[in-house]
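Quick one, fold the following:
(3 chains)
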Amino acid sequence: MAQMLEIRWHGRGGQGSKTASILLGKVCSAADKYIQAFPEYGPERMGAPVIAYNRISDHRVTVHCQIEEPDLVVVLDPTLTATINVTEGLKEGGKVIINTDLPAGKMKEKLNFNGELYTIDANGISEKELGKAFPNTPMLGAVIKVTGMFTMDKFMEMIRKEFSTKFAHKPEVIEGNMNCIRRAFEEVKSE
Amino acid sequence: MGTPIKKPGWMEIPIGGRIEEAGNAHKYHVGGWRIRRPVWVKENCIHCLFCWVSCPDSAVEVHDGKMHGFDYNHCKGCGICAQECPTKDKAIEMEPEDIENQFDN
Amino acid sequence: MGNRIALTGNEAVALAMKQIAPDVVAAYPITPQTEIVQIFSQFVADGDVDTEFVTVESEHSAMSAAVGASAAGARSMTATSSNGLELMFEIVNIASSLRLPIVMPIVNRTISGPINIHCDHSDVMAIRDSGWILLFGENAQNAYDNLLMANRIAEHQDVMLPVAVNLDGFIISHAVENIDIVANEDVRDFVGDYYPEKYLLDEEHPLTMGPVDLQDFLFEHKRQQIETLKIVPQIVQEISDEFAELTGRQYEFFEKYKLDDAEIAIVAIGSTAGTTKAAIDNLRERGLKVGLLSIRLYRPFPADAIVKALSHVKAIGVMDRSESYSNTGGPLFSDIRAAMYDAGETAKIINIIYGLGGRDITVKDLENVIGRVKEVQDSNQIAEKVIYYGVRE
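I've put the predicted structure just below:
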């Protein structure tokens, strides 16, 4: 991992981008990384574009501003790309992961982006595993695969702990979310 | 007589304006505010204690359930006691304060 | 060492409050402080903490209830932000002048209007002259640690003054970061129980608090506050040293970052201090001798120590996240300039007012700010005394 990994999450209110960033932060923290996870707070409206951030580092993070030059951009809703330049400020060699059932080549074309771009049908996976489109947990699986931060088994073990706290009041959704992550890890692709 | 007080400095007083001695208002004499003084007419008194109940300054002295006179250090001379005194021939008369006996306690 | 977990600033503050377990918490929710009250009231409801939680109808009442409880002899806390703090302003002053050791986290948010929920320091700066002890930090860890020390400072027999622990709204309060938490029993041992020397519910020694205090005595009571605040820094340091023994985390009146050999200094408060460190690292790589002084103890103001720490620099940029509307710059600028002037220091000092209403300030921005201070150093003159950074012209 680079000295500090900076991730910017693009989503819509209600899709769980903030939750995803916090879950990722908590897992990394439990793995002895220094982390930050924070949303860009604005009017919180279902469907409105929202942004969340992660910083993950081997050293304590002292910076407390938004991330302007991310290493990785995660897009929870492909329709956002029509109105938002999701690759803005992306570092040289930075990566993009998009929730879409379109092929990566097509998305690169749409974004006019020549770098590493990955796609994952997070909505499809979530609808199958949870009965509803919650793209945030599948996207976590894709992030873990693309960054190589953890092996799948290690991440699954750690995220289970987070889920057992987070979903203490509805444990029935834990397995579905676990499946979402596993499948996204396996299915994310750059072709 | 009203006591001239050498007021203590900031190092000598409790912090925060606390008054750490209970009931020390008793030490503060307000009798000098009086321009009329109540005078007890013992022979007319039926010891109903209406005066004692009515006094806003606890300046009616009562011993063993009997009226006993006034605490002129704390009586401000409002006259409520005389007003409330129910006897036909008043047991409390208000008289002009005079310079001779104003500070008689 | 210790127990590292990932929490938001507000979660860290609520956890500290649970570990301190005050006798009484009276609080009213306001963004961005709301989670503190919400999480803490859940602790109370779940029986995790044996605190009397008083739900009130306003911040004025929250501070009033805290004053009443503290006067009665209870360890009392509240928490607020922004307009909530301004609504309690009347009682904020009563808390300090009655010498009640109330502890209050303030999640810093701009004061209206126009209405805005985001961070700046205009809320706390409005109580800067109220006789409270004001502590700041750059991250959630600092907020947590300062809070664990706050009761000790406030309740110290030679202090008996309220303490506010400040953290930046949203930037810290709502961001998840790693926190090294202190074990419950260690907190209990460190904070200890509160046995006030004088309190209203002491039947054996009845006393009056808050009587009328006129021309003949009020000045003396103010002088007591002033003289007490003179010894507060020393007591803050003693307690901070004791905290360092427990946790390994050493706090001073301020943090110096690469300051000792610096020619240029930035003085900042709050989360921006952390971001400034990254800017300093970048510029140091390019050979610029720049350092940071990040204020922790703002009231009372440790002027002598600050002057000593800044005495060798040529130019200083003071970062204010609020205005004083005096046409002479922000509050921290006034404090720093007054302190330096008194000491006969000749460093050129400029003021950078930034981040009002939560406007983000990035590492690059801070590199630009340092560039402006460097211009002052190079030219040895001040072209612009107060710079409004990041506002559209």
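
which regions of the chain lie under the pLDDT threshold?
All of this refers to chain A. A:1-2, A:43-44 (pLDDT under 70).

think we crossed wires, I meant chain C
Ranges of chain C meeting pLDDT under 70: C:1-2.

is the longest helix anywhere in it anywhere near chain B?
Secondary structure of chain C per DSSP state H: the longest helix is helix C:218-247. Yes. Helix C:218-247 is in contact with chain B by Cβ under 8 Å from any Cβ of the partner chain, via C:218, C:219, C:220, C:221, C:223, C:224, C:227, C:228. The C-beta positions use only the backbone N, C-alpha and C, and glycine is treated the same way.

can you tell me the helix or strand for residue B:62?
In this structure, residue B:62 sits in strand B:60-63 according to DSSP states H and E.

elements contacting that strand?
With contacts taken as 3 or more Cβ pairs under 8 Å, 6 or more residues apart in numbering or on different chains; DSSP states H and E, strand B:60-63 sits against helix B:50-54, strand B:66-70.

Adding mean pLDDT, write the ones you listed out as TSV.
Rendered in TSV, the data for these read as follows (pLDDT from 0 to 100):
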stretch	mean pLDDT
helix B:50-54	97
strand B:66-70	96
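
Nearest to chain A among the ones you listed would be which one?
Chain A lies closest to helix B:50-54 among those, at 63.3 Å (Cβ to the nearest Cβ).

who touches the closest one?
Helix B:50-54 is contacted by residues B:38, B:60, B:62, B:67, B:80, B:81, B:82, B:83, B:84, B:85, B:86, B:92 when judged by Cβ atoms under 8 Å, 6 or more residues apart in numbering or on different chains.

Off-centre distance for it?
Counting by Cα atoms, centre = their mean, to the nearest Å, helix B:50-54 is centred 12 Å from the centre of its parent chain.

Name the nearest residue to the residue nearest the centre of chain B, ignoring sequence neighbours.
With distances taken as Cα atoms, centre = their mean, the residue of chain B nearest its centroid is residue B:75 (2.4 Å). In this structure, residue B:75 finds its nearest non-sequential neighbour in residue B:59, 3.8 Å apart by Cβ to Cβ, 6 or more residues apart in numbering or on different chains.

Next, count neighbours for that neighbour.
23 (other Cβ atoms under 10 Å in any protein chain shown).

how much space is there between it and chain A?
To chain A, residue B:59 is 65 Å away according to Cβ to the nearest Cβ, to the nearest Å.

Now do the contacts for that residue.
So residue B:59 contacts B:70, B:71, B:72, B:73, B:74, B:75, B:76 (Cβ under 8 Å, 6+ apart).

now the fourth one: how far from residue B:26?
I take that to be residue B:73. When Cβ to Cβ, to the nearest Å is the yardstick, residue B:73 and residue B:26 sit 9 Å from each other.

More neighbours: those two, which one.
Taking other Cβ under 10 Å, residue B:73 and residue B:26 do not tie; residue B:73 has more neighbours (17 against 12).

thought the more buried one was touching residue B:29?
Yes. Here residue B:73 reaches residue B:29: they are 4.4 Å apart, a contact under Cβ atoms under 8 Å.

so what's residue 102 up against?
Reading this off chain A. Counted by Cβ under 8 Å, 6+ apart, residue A:102 has contacts A:78, A:119.

not quite, I wanted chain C
C:63, C:66, C:67, C:70, C:76, C:77, C:78, C:95, C:154, C:162, C:163.

7 Å instead?
Applying Cβ atoms under 7 Å, 6 or more residues apart in numbering or on different chains, we find residue C:102 in contact with C:66, C:70, C:76, C:77, C:78, C:95, C:162.

again, but for residue A:62
Contacts of residue A:62 by Cβ under 7 Å, 6+ apart are C:274, C:277, C:278.

Residue C:354 now?
Residue C:354 neighbours (Cβ under 7 Å, 6+ apart): C:319, C:321, C:361, C:389, C:390.

what bridges to it?
residue C:389 (DSSP bridges).

what does chain C put close to chain A?
Residues of chain C lying close to chain A by Cβ under 7 Å from any Cβ of the partner chain are C:4-6, C:170-171, C:174-178, C:271, C:274-275, C:277-278, C:360-363.

Buried by neighbour count, from those residues: which ones?
C:5-6, C:170-171, C:174-178, C:271, C:274-275, C:277-278, C:360-363 (16 or more other Cβ atoms under 10 Å in any protein chain shown).

Among the residues you listed, which lie within helices?
Secondary structure from DSSP H places C:271, C:274, C:275, C:277, C:278, C:363 of these in helices.

Relative to chain B, which of those is nearest.
For those, with chain B as the reference and Cβ to the nearest Cβ as the criterion, the closest is residue C:271, at 34.6 Å.

Which residue comes closest to the residue in chain A positioned nearest to chain B once chain neighbours are left out?
Relative to chain B, the nearest point of chain A is residue A:64 (38.2 Å; Cβ to the nearest Cβ). In space, and not counting its chain neighbours, residue A:64 is closest to residue C:271: 3.8 Å by Cβ to Cβ, 6+ apart.

So what's the residue count around residue C:116?
The local packing of residue C:116 (other Cβ under 10 Å) involves 15 other residues.

what does residue A:161 give?
12.

Is it in a helix, a strand, or coil?
Assigned with DSSP: H, G, I helix; E, B strand; the rest coil, residue A:161 falls in the helix class.

just residue C:153 next, same as before
Here residue C:153 is helix, with the state taken from three-state DSSP.

you'd agree it is up against residue C:238?
No. Counting by Cβ atoms under 7 Å, residue C:153 does not reach residue C:238; the two are 9.3 Å apart.

need the helices for chain B, in chain order.
B:50-54, B:80-84.

I'd like those as a markdown table, with mean neighbour count appended.
As requested, those are exported to a markdown table (neighbours: other Cβ atoms under 10 Å in any protein chain shown):
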| stretch | mean neighbour count |
| --- | --- |
| helix B:50-54 | 18 |
| helix B:80-84 | 18 |
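
For the closest residue to chain A within chain B, which non-adjacent residue is spatially closest?
Nearest residue of chain B to chain A: residue B:16, at 38.2 Å (Cβ to the nearest Cβ). Nearest-residue entry for residue B:16: residue C:99, 3.6 Å, with adjacent residues in sequence omitted and distances by Cβ to Cβ, 6+ apart.

ok, now which ones touch that neighbour?
B:15, B:16, C:160, C:161.

Would you reformat those as a markdown table and include neighbour count?
A markdown table is the format used below for those (neighbours: other Cβ under 10 Å):
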| residue | neighbour count |
| --- | --- |
| B:15 | 18 |
| B:16 | 21 |
| C:160 | 21 |
| C:161 | 27 |
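
how much space between the residue located most distally from the centre of chain A and chain C?
The centre of chain A is farthest from one residue, residue A:169, which by Cα atoms, centre = their mean lies 24.0 Å away. As for residue A:169, its distance to chain C is 13 Å (criterion: Cβ to the nearest Cβ).

tally of neighbours for the nearest residue in space to residue C:230 that is not next to it in sequence?
Nearest non-adjacent residue to residue C:230, counting by Cβ to Cβ, 6+ apart: residue C:300, 7.1 Å away. Neighbour count of residue C:300, defined by other Cβ under 10 Å: 20.
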